[in-house]
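Trainee: requesting a structural model of the entry that follows:
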Amino acid sequence: MFKYLQTLGIPIAIVIANFVLFSLLFPQILAGMTGEVIFNLIRVFAVLCAGWLIVERCGAAISAAAYSGIVILFIAHVVLKGGLFLVQPLWDPGLPIHDGFKAFLGVLVSFLMFVPIAMVIAALGGWAAKRFHARLKSA
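Mentor: This is a model prediction of the structure:
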């Protein structure tokens, strides 16, 4: 289990850097559609990368790669984005605390909606890693 989490260090670092860059340091970038697209493409890349790394470094099955997508989405979406909604009322006294809680519940619902998509993307990353290594062996 520790080896799997250690293997996910790079994708986790990617989603944390993505969050810090777009949500904390330069939130005005996310105001436009282009910023939202870039933010989410980086998340997709991190999930794809997680699936690839789980198969490549751990020799895991594609199903394990799919589950790595859930881990990355959970960290990126629930812990970071949802956590921001929970703590935002602490530094913005004009924002009622129940607004942050309602936003967090919305994040939880959207997490459940996007879990299958994250699993498919991570599984594709794992499949690509298996296919890449099969071509290397046959060459």
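
Trainee: ignoring the adjacent residues along the chain, who's closest to Q88?
Mentor: G100 (5.3 Å; CB to CB, 6 or more residues apart in numbering). Placement of C-beta: from N, CA and C, glycine included.

Trainee: how close does the one you found sit to L86?
Mentor: Here G100 is placed at a distance of 5 Å from L86 (CB to CB, to the nearest Å).

Trainee: and for P93?
Mentor: According to CB to CB, P93 and L86 sit 15 Å apart.

Trainee: more neighbours, these two?
Mentor: L86 (14 against 7; other CB atoms under 10 Å).

Trainee: got a list of what that one touches?
Mentor: By CB atoms under 8 Å, 6 or more residues apart in numbering, L86 lies in contact with 100-101, 104.

Trainee: tell me the spacing between it and E36.
Mentor: From L86 over to E36 the distance is 21 Å, taken as CB to CB.

Trainee: got a list of what the closest residue to G82 other than its chain neighbours touches?
Mentor: Leaving aside its sequence neighbours, G82 sits nearest to V107 (CB to CB, 6+ apart; 3.8 Å). Going by CB under 8 Å, 6+ apart, V107 touches 77-78, 81-82, 85.

Trainee: swap the cut-off to 10 Å and go again
Mentor: V107 sits next to 77-86 when contact means CB atoms under 10 Å, 6 or more residues apart in numbering.

Trainee: leaving out chain neighbours, which residue sits closest to W127?
Mentor: Distances taken as CB to CB, 6+ apart place I62 nearest to W127, at 5.6 Å, with adjacent residues excluded.

Trainee: ok, the one you found touching G126?
Mentor: Yes - taking contacts as CB atoms under 10 Å, I62 lies within contact range of G126: 4.3 Å.

Trainee: these two: which has the busier surroundings?
Mentor: The neighbour comparison of I62 against G126 (other CB under 10 Å) goes to G126, with 27 against 18.

Trainee: and the more buried one, how far from R135?
Mentor: G126 sits 15 Å away from R135, going by CB to CB.

Trainee: ends of stretch 53-71, what's the gap?
Mentor: 13 Å (CA to CA, to the nearest Å).
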